[in-house]
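In: take this sequence and fold it.
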Amino acid sequence: MSKTPGLPALADGDAFGVPVSDRPVPRITIAAFCESPETGAVIQRAALDRRLSKTHVSVHMGGAAAAAELYAETPTPNLLLVESRNVERGPLMEELEGLASVCDPATKVVVVGGSNDIQLYRELIRNGISEYLMAPLHPMQVIETIASLYAAPESEPIGKVFAFIGAKGGSGSSTIAHNFAWSMSNQLNVATTVVDLDLPFGTAGLDFNQDPAQGVVDALIAPERLDDVLLDRLLVKCAERLDLFAAPAMLDRDYDIDAPAFETVLDIVRSASPAVVIDVPHAWTSWSRQTLMGADEIIVTATPDLASLRNAKNICDHFAASRPHDAKPRLILNQVGVVKRPEIPVKDFAEAIGAEPLLVLPFDPQLFGTAANNGQMIAQLNVQSRAAQGFLHVARVLTGREVAAEPKKAKRESIFKMLGALNRKPMKKAG
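Out: Next up, the predicted model:
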């Protein structure tokens, strides 16, 4: 890997990715039987989270008795959440014994109760209960518990997904995504895969000076064939820690690909790479919305004009409401300070959006144009430029990592300086 002068990298072994408790839950059925409306409401809010988007969740009232009655004649779901108001160990165990008599062996059971009793917890676990949660619940507590139950203890963390989208065409979202990926991989030592989803017009191949014969569309056409071996063949290595899943950028076909294909391919990519940077084109389709919805971080690039302001606000508001348990979409303001162009001031833009920009990039056509024509990143041209330092700042914030400090070298005085000091000392007179 080419190392940027003056920017020491972190150790290669430093882990990065999404922890097991935060990964998406597979396609399972979940049934909750609650004794309090508050618990039912919390579980319903949790069911709307992106991590549970593949699951089917139903909420019923009645607790363990209602569950036992229902499943006496029907198969049990993959996961049962059962609330009990019994704080005494004996009555609670009797309730659960009735439920156990009708449960399929593969069904996992989580009990929600009001007793903070470690002995009760141990007894429940010994009797086959998967987890015990104490009320009142929080949606993220429910989500993390379910995610942990359906991930093997030895599972590796999956990749963290950063999805970039422009508020309008020409906002520079692709350029920013590519430079962010380069900074994250080359300056922070995070192994990164760039996925260019602008299939007919993608620029990742040009920006990284690559012309691959195959790429992401080959995987999207037949997602059922994609595995780690085929993925390795389709990726292009741009640097030691930077791979590219390029778009064909050709108009010889239609790209009418179903949303599930994108979901399948991106799931495989994030299982193989600690960080995934997705360049989402400025479009509003089922697959683009689903891709943004499933990302760990959404980054919206806008320019300081009215159309960008309207669109950026719509995107930010939509995903802030749809993803209440995630960070709000981040804003990058690009091409600020074009001569003689009326612009919305940065302060006014931020107030309208309701968020301070993560980065404000000044208009610099010479630097960005030269980099684009050369197939280089901004930091490769001028690592000390304001733009290059800005991309590194974004990488630090979104990864939570810092560039390691250079070890301080002990000062060594010149031998000539030491001899000079000795010569200046007065000689003692002989007695």
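In: tell me which residues of stretch 53-72 come out buried.
Out: Within stretch 53-72, the residues that count as buried by 16 or more other Cβ atoms under 10 Å are 55, 57, 59, 63-64, 66-68, 71. For the C-beta atoms, the positions are set from N, CA and C on the backbone; glycine is no exception.
In: what's the answer for stretch 246-256, then?
Out: With burial defined by 16+ other Cβ under 10 Å, the residues of stretch 246-256 counted as buried are 246-249.
In: contacts for stretch 381-395?
Out: Identification of contacts with stretch 381-395 by Cβ atoms under 8 Å, 6 or more residues apart in numbering yields 4-7, 176, 179-180, 182-184, 187-188, 299, 332, 358-362, 364, 367-368, 370-371, 374, 378-379, 401, 403.
In: for ChimeraX, what selects the buried ones among these?
Out: Applying 16+ other Cβ under 10 Å to the contacts of stretch 381-395, the buried members can be selected in ChimeraX as follows:
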select :4,7,176,179,180,182,183,184,187,188,299,332,358,359,360,361,364,367,368,371,378,379,401,403
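In: quick revisit: pipe the buried residues of stretch 53-72 into TSV and attach pLDDT per row.
Out: What follows is the buried residues of stretch 53-72, written out as TSV (pLDDT from 0 to 100):
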residue	pLDDT
Thr55	96
Val57	97
Val59	97
Gly63	90
Ala64	91
Ala66	93
Ala67	94
Ala68	93
Tyr71	94
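In: one step back: tell me which of the contacts of stretch 381-395 fall in helices.
Out: Judged by DSSP state H, these include 176, 179-180, 182-184, 367-368, 370-371, 374, 378-379 as members of helices.
In: max pairwise distance over these: which two?
Out: Taking Cβ to Cβ as the measure, the ones in helices among the contacts of stretch 381-395 span a maximum distance of 22.4 Å, between Met184 and Thr370.
In: straight-line length of stretch 250-259, end to end?
Out: Start and end residues of stretch 250-259 are separated by 21 Å (Cα to Cα, to the nearest Å).
In: what is the nearest of the buried residues of stretch 53-72 to Asp232?
Out: Proximity of the buried residues of stretch 53-72 to Asp232 (Cβ to Cβ) peaks at Thr55, which lies at 30.6 Å.
In: my guess is that closest one contacts Ile28, does it?
Out: Yes. Proximity of Thr55 to Ile28 meets the contact threshold set by Cβ atoms under 8 Å, at 5.4 Å.
In: thought Asp305 was touching Pro345?
Out: No. Using Cβ under 8 Å, Asp305 is not in contact with Pro345; the gap is 11.8 Å.
In: need the pLDDT of the spatially most central residue of the chain.
Out: The chain has Asp296 as the residue nearest its centroid, 2.8 Å off, counting by Cα atoms, centre = their mean. Asp296 carries a pLDDT value of 95.
In: contacting residues for the residue lying closest to Gly294 once chain neighbours are set aside?
Out: Nearest residue to Gly294 in three dimensions, chain neighbours excluded: Arg50, at 5.5 Å (Cβ to Cβ, 6 or more residues apart in numbering). Applying Cβ under 8 Å, 6+ apart, we find Arg50 in contact with 24, 293-294, 322-323, 326.
In: distance check, Arg50 against Ser322.
Out: Applying Cβ to Cβ, to the nearest Å, the value for Arg50 to Ser322 is 8 Å.
In: shared neighbours, those two?
Out: Both Arg50 and Ser322 are in contact with Met293, where contact means Cβ under 8 Å, 6+ apart.
In: does Thr193 belong to a helix, a strand or coil?
Out: The local conformation at Thr193, judged by DSSP: H, G, I helix; E, B strand; the rest coil, is strand.
In: oh, that last question was meant for Ser171, not what I typed.
Out: Put simply, Ser171 is coil when judged by three-state DSSP.
In: doesn't Asn334 make contact with it?
Out: Yes. When contacts are counted by Cβ under 8 Å, Ser171 is listed as touching Asn334 (5.9 Å).
In: can you list residues touching both of those two?
Out: What both Ser171 and Asn334 touch, as defined by Cβ under 8 Å, 6+ apart, is the set 301-303.
In: ok, Asp104 - contacts?
Out: Shown in contact with Asp104 (Cβ under 8 Å, 6+ apart): 75-76.
In: where does it land in three-state SS?
Out: Relying on three-state DSSP, one would call Asp104 coil.
In: stretch 65-76 spans what distance, first to last residue?
Out: First-to-last distance for stretch 65-76 - Cα to Cα - comes to 14 Å.
In: just confirm Ala64 is within a helix.
Out: Yes. Counting by three-state DSSP, Ala64 is found in a helix.
In: show me the shaky parts of the stretch 51-200 of the chain.
Out: The stretch 51-200 of the chain contains residues with pLDDT under 70 at 87, 152-155.
In: coming back round to it: and the buried residues of stretch 246-256 as a markdown table, adding pLDDT and distance to Ser148?
Out: Shown next, in a markdown table, are the buried residues of stretch 246-256 (pLDDT from 0 to 100; distance: Cβ to Cβ, whole Å):
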| residue | pLDDT | distance to Ser148 |
| --- | --- | --- |
| Ala246 | 96 | 36 |
| Ala247 | 96 | 36 |
| Pro248 | 95 | 39 |
| Ala249 | 91 | 41 |
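In: wait, Cys34 touches Ser58, no?
Out: No. Applying Cβ under 8 Å, one finds Cys34 not in contact with Ser58, separated by 11.2 Å.
In: what pLDDT does the nearest residue to Pro304 once chain neighbours are set aside get?
Out: Closest residue to Pro304 apart from its sequence neighbours, by Cβ to Cβ, 6+ apart: Glu343 at 4.1 Å. Note on Glu343: pLDDT of 96.
In: tell me the SS of Glu343?
Out: coil.
In: what's the distance between it and Gly337?
Out: According to Cβ to Cβ, Glu343 and Gly337 sit 8 Å apart.
In: higher neighbour count, the two?
Out: Glu343 (16 against 13; other Cβ atoms under 10 Å).
In: am I right that the more buried one is in contact with Asp305?
Out: Yes. Judged on Cβ under 8 Å, Glu343 makes contact with Asp305 at a distance of 6.9 Å.
In: the shared contacts of Ser171 and Asn334 in strands, which ones?
Out: Of the shared contacts of Ser171 and Asn334, the ones assigned to strands by DSSP state E are 301-302.
In: all strands for the stretch 251-400 of the chain, in order.
Out: Assigned by DSSP state E, counting those that start in this stretch, the stretch 251-400 of the chain shows strands spanning 275-280, 297-302, 330-336, 359-362.
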